[in-house]
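>>> Using only what follows, build the 3D model:
(2 chains)
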Amino acid sequence: EDQVTQSPEALRLQEGESSSLNCSYTVSGLRGLFWYRQDPGKGPEFLFTLYSAGEEKEKERLKATLTKKESFLHITAPKPEDSATYLCAVPPSNDYKLSFGAGTTVTVRA
Amino acid sequence: SQTIHQWPATLVQPVGSPLSLECTVEGTSNPNLYWYRQAAGRGLQLLFYSVGIGQISSEVPQNLSASRPQDRQFILSSKKLLLSDSGFYLCAWSWELSYNEQFFGPGTRLTVL
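Numbering: from 1, shown residues only, chains lettered A, B, ... in the order given. Prediction:
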């Protein structure tokens, strides 16, 4: 069964303390991996799409990378405004819909 | 640019009452539309999707239904709400049915008492 697993579930960082979030997937024939940011009480905000191993995308302090089995979201020198839940999603191998991970909740303290 | 709207933003309803949540998309034509539910502390559960007017596919059998009366309008309904229907309801759209990123609306927080 296709699965998307995110780790850790929660991450508490000090402002400026860089770290990484992991998204591992078991779908075969990856057809895209998507990262979203979700603030409390709001809808997910699209961040990145990655399509092939080795691909990298950057936006401000965020950088997403992709391997054949997992993706990492690196947060460099985070600020309190980077606090949010980060979700990853992939289309299952036999379907067009998106399978979402449970998310990683990041809290950045000033 | 494309914009997606949902209303109401919050809703408190008694058990057994009807429900109607609306989603509209601006700035695009023929979008694929989706309804998700996000329970507290849990992931996103796809409820319905639509590839065109009047075309609805259900992912989870329950007392909810969806309709798409216009190209850019998607409605989630129920005749009688259950306590378990409480949650955060999200509408999303995408350019194509397969392998494309989805863009989410602001959501509706539904509390059934």
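>>> What parts of chain A come near chain B?
Selection of chain A residues close to chain B by Cβ under 8 Å from any Cβ of the partner chain yields A:31-32, A:34, A:36, A:41-46, A:49, A:87, A:91, A:96-98, A:100-103. To be clear about C-beta, it is placed using only N, CA and C from the backbone, and glycine gets the same treatment.
>>> quick one: least confident helix or strand in chain A?
Taking mean pLDDT, DSSP states H and E as the measure, the helices and strands of chain A show their lowest mean at strand A:99-100, namely a mean of 89.
>>> Run a quick neighbour tally on residue A:3.
Look at residue A:3: counted by other Cβ atoms under 10 Å in any protein chain shown, it has 12 neighbours.
>>> nearest residue to it other than its sequence neighbours?
Among residues not flanking residue A:3 along the chain, residue A:26 sits closest, at 4.8 Å (Cβ to Cβ, 6 or more residues apart in numbering or on different chains).
>>> How much space separates the one you found from chain B?
The gap separating residue A:26 from chain B is 16 Å, by Cβ to the nearest Cβ, to the nearest Å.
>>> tell me the pLDDT at that residue?
pLDDT, residue A:26: 88.
>>> what residues does stretch B:58-75 touch?
A:97, B:19-26, B:28-31, B:33, B:35, B:45-50, B:52-56, B:76-82, B:85, B:91 (Cβ atoms under 8 Å, 6 or more residues apart in numbering or on different chains).
>>> Return a PyMOL selection command for the buried portion of those.
The PyMOL command for the buried members of those (criterion: 16 or more other Cβ atoms under 10 Å in any protein chain shown) is given here:
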select buried, (chain A and resi 97) or (chain B and resi 19+21+23+24+25+28+31+33+35+46+47+48+49+50+56+76+78+81+85+91)
